[in-house]
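K.L.:
Any chance you could fold what I've pasted below:
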Amino acid sequence: MTLVLDSGGVTALAGQRARLAELHRRGEWPPQVPSIVLTEVLTGDHRRDFHQNRLLSLCQVRPVTEDLARVAARIRGATSRPGSIAATDAVVAALATTVADAVVLTSDVNDLRALLTNHDVTVVRA
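P.N.:
Presented below is the predicted three-dimensional model:
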């Protein structure tokens with residue numbers, strides 16, 4: 001299984017040592033995080049971003065390539081409400097479709113499920 005985090009997933013896990021240890025023990029480590037998520041979870045102040053930066057240093061931060069952005073656009077456009085779903089969520093969904101046995105940890109379950117309706121990806125609440 002491959003864990004994919006959106007901003008809600010990063011926020012939920014940041015500073016949660018016991019939960020991180022459990023994910024590691026279960027073989028659900030390291031999570032994949034698209035680089036655009038950093039824009040949503042970080043403030044630019046290293047003191048305020050301490051827990052998020054610590055978590056992100058343990059993750060595989062994946063670049064948002066042109067190919068991934070185009071997949072995200074197709075997935076977002078295929079929903080019934082493309083204008084109301086964030087582009088970042090679409091990128092998270094697109095990344096999840098590129099990894100084996102993906103599980104997306106999110107606080108935005110409805111949008112991620114809408115994006116991944118036609119894909120074999122599990123979406124769970126952070």
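
K.L.:
and the lowest-mean-pLDDT helix or strand in the chain, how far from the chain's centre?
P.N.:
Taking mean pLDDT, DSSP states H and E as the measure, the chain has helix 17-25 as its least confident helix or strand, at a mean of 90. Relative to the centre of its chain, helix 17-25 is centred 17 Å away, using C-alpha atoms, centre = their mean, to the nearest Å.

K.L.:
Just give the nearest non-adjacent residue to residue 105, would you?
P.N.:
Counting by C-beta to C-beta, 6 or more residues apart in numbering, residue 105 lies nearest to residue 9, which is 3.5 Å off, once chain neighbours are set aside. (Each C-beta comes from the backbone N, C-alpha and C, glycine too.)

K.L.:
which strands and helices sit next to the helix or strand hosting the one you found?
P.N.:
In this assignment (DSSP states H and E), residue 9 forms part of helix 7-13. Packing contacts for helix 7-13, counted by 3 or more C-beta pairs under 8 Å, 6 or more residues apart in numbering; DSSP states H and E, involve helix 17-25, helix 36-41, helix 50-56, strand 102-106.

K.L.:
Residue 46 contacts residue 52, doesn't it?
P.N.:
No: because the distance of 10.2 Å does not satisfy C-beta atoms under 8 Å, residue 46 is recorded as not touching residue 52.

K.L.:
now stretch 106-119: how far from the chain's centre is it?
P.N.:
For stretch 106-119, the distance to the chain centre is 11 Å (C-alpha atoms, centre = their mean).

K.L.:
what comes up buried for it?
P.N.:
Taking 16 or more other C-beta atoms under 10 Å as the basis for neighbour counts, the residues of stretch 106-119 that come out buried are 106, 108, 111, 112, 114, 115, 116.

K.L.:
Reformat the residues you listed as TSV; add secondary structure, distance to residue 96 and pLDDT.
P.N.:
Formatted as TSV, the entries for the buried residues of stretch 106-119 read as follows, by DSSP: H, G, I helix; E, B strand; the rest coil; distance: C-beta to C-beta, whole Å; pLDDT from 0 to 100:
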residue	secondary structure	distance to residue 96	pLDDT
106	strand	10	97
108	coil	13	94
111	helix	13	97
112	helix	8	98
114	helix	13	97
115	helix	9	98
116	coil	7	98
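
K.L.:
Right, I'll leave it there.
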